[in-house]
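> Curious how this folds, go ahead:
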Amino acid sequence: MPAGVYLGFDFGYKRIGVAVGQAVTCSAKPLKIIAAKEGVPEWRSVDELIAQWRPNALIVGLPTCIDGKEQYTTTAARNFAQQLGERFALPVHLVDERLTTVEARAELFAQGGYRKIKNSPIDSIAACIILEQWLFLAEESK
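Sure, this is the predicted structure:
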């Protein structure tokens, strides 16, 4: 995996969480939430993020059922990933995102209970978890 910056995305029909991470530290941080309408993001916001961070690649969480079977959202996330690749001419990697939102909620709850969950950008935290998973797996496979 080349050293550099990577953006992670937690796809959703209303909101798409975004995180930024570095290969050298295998760490990521939540960045922002992009509004979406029926899975179509505000592309101007995505354009700005790509211009600002100049990532080496984009990482998109692939939502599946707990048993690994694909669902309706899986197809939409794949389409979003394909659109990202075509629009920005960057490599796009898909990552199994099962239970990342649950993990994000658990982290927030540990930090401050239900109030912390209610007032936090859960989607960008889930994107952070997705991106860190990919960075860790990519580092392990070196």
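
> all contacts plus neighbour counts: C-alpha atoms, from now on.
Noted.

> Show the contacting residues for residue 85.
Neighbour list for residue 85: 91-92 [criterion: CA atoms under 8 Å, 6 or more residues apart in numbering].

> any idea how far residue 22 is from it?
Separation of residue 85 from residue 22 (CA to CA, to the nearest Å): 20 Å.

> Kindly report the same for residue 138.
Look at residue 138 and residue 22: by CA to CA, they are 12 Å apart.

> of those two, who's got more company?
Comparing residue 138 with residue 22 by other CA atoms under 10 Å, the one with more neighbours is residue 22, at 20 against 14.

> The more buried one: what's its closest spatial neighbour, skipping adjacent residues?
residue 5 (4.7 Å; CA to CA, 6 or more residues apart in numbering).

> Tell me how far residue 85 lies from residue 125.
According to CA to CA, residue 85 and residue 125 sit 23 Å apart.

> My reading is that residue 52 lies in a helix. Confirm?
Yes - Residue 52 sits within a helix when classified using DSSP: H, G, I helix; E, B strand; the rest coil.
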